[in-house]
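>>> got a predicted model here, sequence first, then my questions.
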Amino acid sequence: MEKICFLVAAVAVLSVNCFALYSNTDEEALLAFKTRITSDPYGILADNWSNTASICNWVGVSCSRSQQRVTALNFSGFGFTGTISPHLGNLTFLRSLDISTNDFHGIIPPELSNLLRLEKINVGFNSFIGEVPSWFGTLPELQHILLRNNSFTGGIPPSLCNNSKVRILEMGYNFINGNIPQEIGNLSALEVLYLRFNQLTGSIPFGIFNISSLKALDLTHNSLSGMLPENTCDSVPKLTGLYLSNNLLYGQIPSKIYKCRYLEDLSLSYNHFNGTIPSAIGSLTMLRRLFLGINNFEGMIA
Ligand SMILES: *[C@@H]1O[C@H](CO)[C@@H](O)[C@H](O)[C@H]1NC(C)=O
Ligand SMILES: *[C@@H]1O[C@H](CO)[C@@H](O)[C@H](O)[C@H]1NC(C)=O
Ligand SMILES: *[C@@H]1O[C@H](CO)[C@@H](O)[C@H](O)[C@H]1NC(C)=O
Ligand SMILES: *[C@@H]1O[C@H](CO)[C@@H](O)[C@H](O)[C@H]1NC(C)=O
Ligand SMILES: *[C@@H]1O[C@H](CO)[C@@H](O)[C@H](O)[C@H]1NC(C)=O
Ligand SMILES: *[C@@H]1O[C@H](CO)[C@@H](O)[C@H](O)[C@H]1NC(C)=O
Ligand SMILES: *[C@@H]1O[C@H](CO)[C@@H](O)[C@H](O)[C@H]1NC(C)=O
Ligand SMILES: *[C@@H]1O[C@H](CO)[C@@H](O)[C@H](O)[C@H]1NC(C)=O
């Protein structure tokens, strides 16, 4: 493509041709995407995504000013039903893809692994099936991965944890099973890990509590077992929310819980925690919500 472009410019044809050449790929990709939408209750396709208008004027499409390449798609809440065309993988300038709150089904096509500039992907609140794509771990700029409220199955791919830029990882309300991979501790920029309402088993990898950027950890409503390490709070100074209720966790609440000093929400109910409730909880001055009910605690607060 680039070569053709330079040639055209060299023979002094209008550079506009050059840009038209570039965006044809994007146009083709979006037209292919459009053909797979089977229901459009708000009439967006007919009224706005007209085949004669530039794709950059379609509602939900953002382009770079200079090159007219598609940089962001936001079709959140458009009411679309359909599947995702593999052609979307040709939008190589795409940085943000938000197709949340529609009724897309089928799988996330592997061709999307070509989107090397992608920083955010939000496919939440749809009906996607299949495994969580392992290639999320290979997209070098990816920071937000939001997959909640779909029907993803299988385990968390360890290769997903091979990405030092990921800040938000949301996979809540799916059917994800197996262990949380030990490699999760490699997500050194992680701020939010949201895995609630899945079918995860095994223990919580201690490496999670070594991620100093971590702000919220939500593992509620799984089948996680094992104990919380005594040094749970040693290396997570920014933690404001720890949500572990409705699991099979046991053992004592770490007595050094006071080291999570910005903790606002602590939810440990519906587990098998035992021993005494440490008095250190009383020194958590930011605490707003505390749920400890339905465990095996004994005696008074120590
Ligand atoms: C589609 O809608 C957007 C925003 O409402 C508007 O700016 C644009 O001109 C419309 N495009 C067409 C082709 O009607
Ligand atoms: C997409 O648009 C919605 C509003 O319609 C907004 O809330 C959301 O933040 C946008 N997504 C992205 C990734 O900017
Ligand atoms: C875009 O992607 C599709 C499917 O992945 C592929 O078959 C096609 O050749 C690509 N088109 C262009 C113009 O690159
Ligand atoms: C998300 O999924 C859960 C579990 O299936 C469901 O209870 C909840 O209503 C869903 N939320 C939305 C907004 O669809
Ligand atoms: C993780 O990334 C490194 C370096 O980029 C690579 O060598 C390794 O194969 C990757 N591991 C997985 C499991 O993808
Ligand atoms: C990822 O985590 C594994 C297991 O915790 C560790 O052995 C490996 O060295 C880590 N890889 C990187 C690239 O940090
Ligand atoms: C956490 O970090 C400490 C200090 O860097 C290290 O000694 C320990 O092995 C790490 N723990 C895990 C489970 O990665
Ligand atoms: C708590 O439960 C564990 C595992 O069942 C057990 O080993 C331990 O003795 C119990 N501790 C107390 C104080 O009851």
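Perfect, I can see it now. Numbers count the residues shown, from 1 in each chain. Ligands and ions are numbered 1, 2, ... in the order given.
>>> show me what from the stretch 101-250 of the chain comes close to ligand 3.
Contact residues (CB under 6 Å from any ligand atom) of the stretch 101-250 of the chain with ligand 3: Glu111. (C-beta placed from N, C-alpha, C; glycine too.)
>>> the stretch 101-250 of the chain: strands as residue ranges?
103-106, 120-122, 127-128, 144-146, 153-154, 168-170, 175-179, 192-194, 199-201, 216-218, 225-226, 241-243, 248-251 (DSSP state E, counting those that start in this stretch).
>>> need these in JSON lines (columns: mean pLDDT).
Formatted as JSON lines, the strands of the stretch 101-250 of the chain follow (pLDDT from 0 to 100):
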{"stretch": "strand 103-106", "mean pLDDT": "98"}
{"stretch": "strand 120-122", "mean pLDDT": "98"}
{"stretch": "strand 127-128", "mean pLDDT": "98"}
{"stretch": "strand 144-146", "mean pLDDT": "98"}
{"stretch": "strand 153-154", "mean pLDDT": "98"}
{"stretch": "strand 168-170", "mean pLDDT": "97"}
{"stretch": "strand 175-179", "mean pLDDT": "98"}
{"stretch": "strand 192-194", "mean pLDDT": "98"}
{"stretch": "strand 199-201", "mean pLDDT": "98"}
{"stretch": "strand 216-218", "mean pLDDT": "98"}
{"stretch": "strand 225-226", "mean pLDDT": "98"}
{"stretch": "strand 241-243", "mean pLDDT": "98"}
{"stretch": "strand 248-251", "mean pLDDT": "97"}
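>>> got TSV for these, with mean neighbour count too?
As requested, the strands of the stretch 101-250 of the chain are exported to TSV (neighbours: other CB atoms under 10 Å):
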stretch	mean neighbour count
strand 103-106	16
strand 120-122	21
strand 127-128	17
strand 144-146	21
strand 153-154	14
strand 168-170	21
strand 175-179	16
strand 192-194	21
strand 199-201	17
strand 216-218	20
strand 225-226	15
strand 241-243	21
strand 248-251	17
